[in-house]
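[1] sequence and computational prediction follow.
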Number of protein chains: 2
Amino acid sequence: MATIEDVAKLAGLSRTTVSRVINDQPYVTDEKRQRIMQAMNDLGYVPNSSARRLRSQRTDTIAVILPRITNPFFGLLIESMEEKASEWGYQIIVCQTHDSKKKELDYLQLLRTKQVDGVIMTSKVNDWETIEPYLESGPIVLCNEYMESASVPMVHMNHRKAAYEATLHLIEEDCSNIAYVCGGAESHLTRERWRGFNDALSLTASSTNEQVIIDWGINVKDGQEIFHYLKENHPEVDGVFTGSDEVAAGIIYEAGQSEWRIPEDLAVVGFDNQMISMLMVPPVTTIEQPVKEMAAKTIEIMVQELHHPGVRSFQTYIFDHHLLLRDSTKRKQVSVQ
Amino acid sequence: MATIEDVAKLAGLSRTTVSRVINDQPYVTDEKRQRIMQAMNDLGYVPNSSARRLRSQRTDTIAVILPRITNPFFGLLIESMEEKASEWGYQIIVCQTHDSKKKELDYLQLLRTKQVDGVIMTSKVNDWETIEPYLESGPIVLCNEYMESASVPMVHMNHRKAAYEATLHLIEEDCSNIAYVCGGAESHLTRERWRGFNDALSLTASSTNEQVIIDWGINVKDGQEIFHYLKENHPEVDGVFTGSDEVAAGIIYEAGQSEWRIPEDLAVVGFDNQMISMLMVPPVTTIEQPVKEMAAKTIEIMVQELHHPGVRSFQTYIFDHHLLLRDSTKRKQVSVQ
DNA sequence: TATGTAATTGAAAACGTTTCCATTTAAAAT
DNA sequence: ATTTTAAATGGAAACGTTTTCAATTACATA
């Protein structure tokens, strides 16, 4: 393995000058620059990453914490982040927590061990009090997940409003018993959706019925089970707000295997506008998030923090959602005058 | 930031002894070990990753090259790899090439710059001749993608056989004009499927018809376009083998918007047994790959290579597929005697 | 008691860069 | 011709570990 020393020797110059060429710095004559490039080529020289990192105290790497990559929402989020980050010369490393508190802290530890320059959290299972101390070791930015108020920048949607609108839509489609499904780790995001859901319900006087709440729905399989649970225990439910297109798909799939009709017997709302929500029969009413825009903004903020250390902003960027009406909630016939 | 020196000083011992404690090495008395642990705690000491990497010439990190993380097959593959790798104390870094030759080489460069100890390639767009030189810098293992013969371990399915069986199934369901869809970068894997497809067709005498081949189908949107392409230009086609459940889903979705019936007018076979293939109406006949097993085997091999450098094996591990028959190909009524 | 062996400890080198600072060279200004 | 200023270059320190190797201590054996 050739080192910078070898290059310097072959070019008849010093390590310092070679380093200048590597890093595109001024104060090197063109002639010597050429000579050095030639030498690097001849030797097949490649700068050693660990040595650079150690000396310059930078890794040019950002960690992104998320629950699981197989969730298409996070898949798209990280794909967009990676794209944006590479434009700035940063690498992304993917950190799947599977909603484990320990794993989340293990990954935050990357900040302390200087394996990454900053951390983006798209989900959060530990309390903020537990996470805050890691801020000493580098910047943290929240994207998607958020909090009441925190000492870090945040990029997210207004989930309360989104849930409110979706629920209102169910009410307007004459659903009178609406179930609420969430899942995954408890989080502020989930609580906000819950609030939005209740905001809508409180508009109707008929909220004397007992609420049907299910807090264990994450994926298709859960959705399937939820359908059977509802059918057996709460046949009165005629609408369901789920926090995920996958859960919605599971419910609709199982309904298709039984005699229940969607949306006549049960209207279903998903979340995230994943491909699957369009492909289902019937297609699923869902909420679209501006994933790419949020990803881009988040990277932009992180890069700012990294380029100007010390100058930390606590700004929050809130993006708008989009309620997509599809057949899974279309209970009323469109009346033609 | 506390360094190992600070810890040593506080504990009244040498750097060397502290290093021994950090790395769980023998030859430290319990009493001193305690004293050092205490000091590390008091100072909030965390070993600097770059320094360790530089000195020990290991990164405990493996790069995994893939086309895009949003493809569920690769999503699951990498999730499984990550799980297995962390059991061995290795980190995974995700390298999305988007089928770009340049990006693939950029990521292989990680091996040269010593940012990773080894590289797993699950896709390959460059020629092997271009990639081979990187082997000098560390081990490469192929998983999913493969070649005729190479100087690296390979873990994969027999795609030729899988395509053969799927196509045979279409023939047995009385399809007489079967279209072939593939996509993404040209690869050995794709060629193997093509061979399997032809193996099956050559069994029938009726192969006088012109072949319908489409080589630009990767995702749902492509599938949608393919449906319209077939409908307008090749209405005689009554069966289609696609290399992807997503393409299959796109075709089936568009068929649902038109008057074509699946499978009566067009039978469709997908690939990978993704969730979506079960959820479609009708559900899609597909080929299941033992993703987790392949991922586990791949990591196992990589870890072997890393633990015993020099002793490189060129062994190939071939896993079996599973043809899942579903309604998207069920053209014959089951005759009840 | 003397000797050999194994366990424990630390000093210093090494890993391969970048950065600081001093020095030399070239160009411009007087 | 001399001085001033700017550009170009290199020597050596620094980054924070692990590893080598030599030295010391403890313990068992002869």
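    Yep, it's here.
[2] residue ranges in chain A under the pLDDT threshold?
    Counting by pLDDT under 70, chain A contains low-confidence residues at A:205-209, A:334-337.
[3] need the residues of the stretch 51-200 of chain A near chain B, please.
    By the criterion of Cβ under 8 Å from any Cβ of the partner chain, the positions of the stretch 51-200 of chain A lying close to chain B are A:51, A:53-54, A:59, A:68-70, A:72, A:75-76, A:78-79, A:82, A:91-94, A:96, A:109-110, A:112-115. Just so you know, the C-beta spots here come from the backbone N, C-alpha and C atoms, and that holds for glycine as well.
[4] inside strands: which ones of those?
    Secondary structure assignment (DSSP state E) places A:Q91, A:I92, A:I93, A:V94, A:Q96 from these within strands.
[5] helices along chain A, start to end?
    Counting by DSSP state H, one finds helices in chain A at the ranges A:4-11, A:15-22, A:30-43, A:49-56, A:72-87, A:101-112, A:128-131, A:159-172, A:188-201, A:220-233, A:245-257, A:275-279, A:291-307.
[6] just these: most buried one?
    Highest mean neighbour count among those (mean count of other Cβ atoms under 10 Å in any protein chain shown): helix A:245-257, with a mean of 25.
[7] interface residues of the stretch 201-337 of chain A facing chain B?
    Proximity of the stretch 201-337 of chain A to chain B is confined to A:V220, A:E246, A:A249, A:Y253, A:G256, A:M275, A:I276, A:M278, A:L279, A:M280, A:V281 under the rule Cβ under 8 Å from any Cβ.
[8] ok, so of these, who is nearest chain B?
    The nearest member of these to chain B, counting by Cβ to the nearest Cβ, is A:V281 at 4.1 Å.
[9] picking up where we left off before, quick check: the farthest pair among the ones in strands among the residues of the stretch 51-200 of chain A next to chain B?
    Greatest spatial distance among those (Cβ to Cβ): A:Q91 and A:Q96, at 16.8 Å.
[10] is stretch A:53-62 up against DNA strand C anywhere?
    Yes - for stretch A:53-62, a contact with DNA strand C is found by Cβ under 7 Å from any atom of the strand, at A:L54, A:R55, A:S56.
[11] distance from the chain centre to that stretch, please.
    Computed by Cα atoms, centre = their mean, to the nearest Å, the separation of stretch A:53-62 from the middle of its chain amounts to 25 Å.
[12] do the same with stretch A:12-25
    41 Å.
[13] residues in contact with that stretch?
    Residues lying outside stretch A:12-25 but in contact with it, judged by Cβ atoms under 8 Å, 6 or more residues apart in numbering or on different chains, are A:4-5, A:7-8, A:11, A:26-28, A:32-33, A:35-37, A:40, A:47.
[14] show me the two of these that sit farthest apart.
    In the contacts of stretch A:12-25, the most distant members under the criterion Cβ to Cβ are A:E5 and A:P26, with 22.7 Å between them.
[15] hmm, back to that, which one of the residues of stretch A:53-62 next to DNA strand C sits closest to A:E104?
    Each of the residues of stretch A:53-62 next to DNA strand C was checked against A:E104 using Cβ to Cβ; the closest is A:L54, at 26.8 Å.
[16] need the contact list for the residue nearest to the closest one when sequence neighbours are not counted.
    Computed as Cβ to Cβ, 6 or more residues apart in numbering or on different chains, the closest residue to A:L54 that is not its neighbour in sequence is B:S50, at 4.0 Å. Applying Cβ under 8 Å, 6+ apart, we find B:S50 in contact with A:S50, A:R53, A:L54, A:T59, A:K114, A:Q115.
[17] and the residue lying closest to A:K103 once chain neighbours are set aside, how far from B:M275?
    Beyond its immediate neighbours in the sequence, the residue positioned closest to A:K103 (Cβ to Cβ, 6+ apart) is A:T97, lying 4.4 Å away. When distances are taken as Cβ to Cβ, to the nearest Å, A:T97 and B:M275 turn out to be 22 Å apart.
[18] restrict the contacts of stretch A:12-25 to those near DNA strand C?
    Filtering the contacts of stretch A:12-25 for proximity to DNA strand C (criterion: Cβ under 7 Å from any atom of the strand) leaves A:I4, A:E5, A:P47.
[19] give the contact list for the second one.
    It stands for A:E5. Residues in contact with A:E5, defined by Cβ under 8 Å, 6+ apart, are A:R15.
[20] let me know the closest of the contacts of stretch A:12-25 to DNA strand C.
    Comparing the contacts of stretch A:12-25 against DNA strand C with Cβ to the nearest atom of the strand places A:I4 closest, at 3.0 Å.
[21] these two touch, right, the closest one and A:V46?
    No - between A:I4 and A:V46 no contact is recorded; they are 10.3 Å apart, counting by Cβ atoms under 8 Å.
[22] output the residues of the stretch 201-337 of chain A next to chain B as a markdown table; include the columns distance to B:Y229.
    Formatted as a markdown table, the entries for these read as follows, by distance: Cβ to Cβ, whole Å:
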| residue | distance to B:Y229 |
| --- | --- |
| A:V220 | 30 |
| A:E246 | 30 |
| A:A249 | 28 |
| A:Y253 | 29 |
| A:G256 | 29 |
| A:M275 | 20 |
| A:I276 | 24 |
| A:M278 | 20 |
| A:L279 | 19 |
| A:M280 | 24 |
| A:V281 | 23 |
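[23] return the member of those nearest to B:N144.
    When those are ranked by distance to B:N144 (Cβ to Cβ), A:M275 comes first, at 22.0 Å.
[24] contacting residues around the closest residue to the closest one other than its chain neighbours?
    If you skip the residues right next to it in sequence, A:M275 has B:V220 as its closest partner in space, 5.5 Å away by Cβ to Cβ, 6+ apart. With contacts taken as Cβ under 8 Å, 6+ apart, B:V220 has the following neighbours: A:M275, A:L279, B:E246, B:V247, B:A249, B:G250, B:Y253.
[25] same thing with A:Y146?
    A:M154, A:H156, A:H188, A:L189, A:T316.
[26] now for the residues you listed: which two are most distant?
    Looking at those by Cβ to Cβ, the two members farthest from one another are A:L189 and A:T316, with 13.7 Å of separation.
[27] okay, and the common contacts of the two?
    A:Y146, A:H156.
[28] and the residue nearest to A:M275, how far is that from DNA strand C?
    Between B:V220 and DNA strand C the distance is 44 Å, computed by Cβ to the nearest atom of the strand, to the nearest Å.
[29] same question for A:I140.
    Distance, A:I140 to DNA strand C, using Cβ to the nearest atom of the strand: 24 Å.
[30] was I right about that residue contacting A:D117?
    No - contact status for A:I140 versus A:D117: not in contact, 11.3 Å apart, counting by Cβ under 8 Å.
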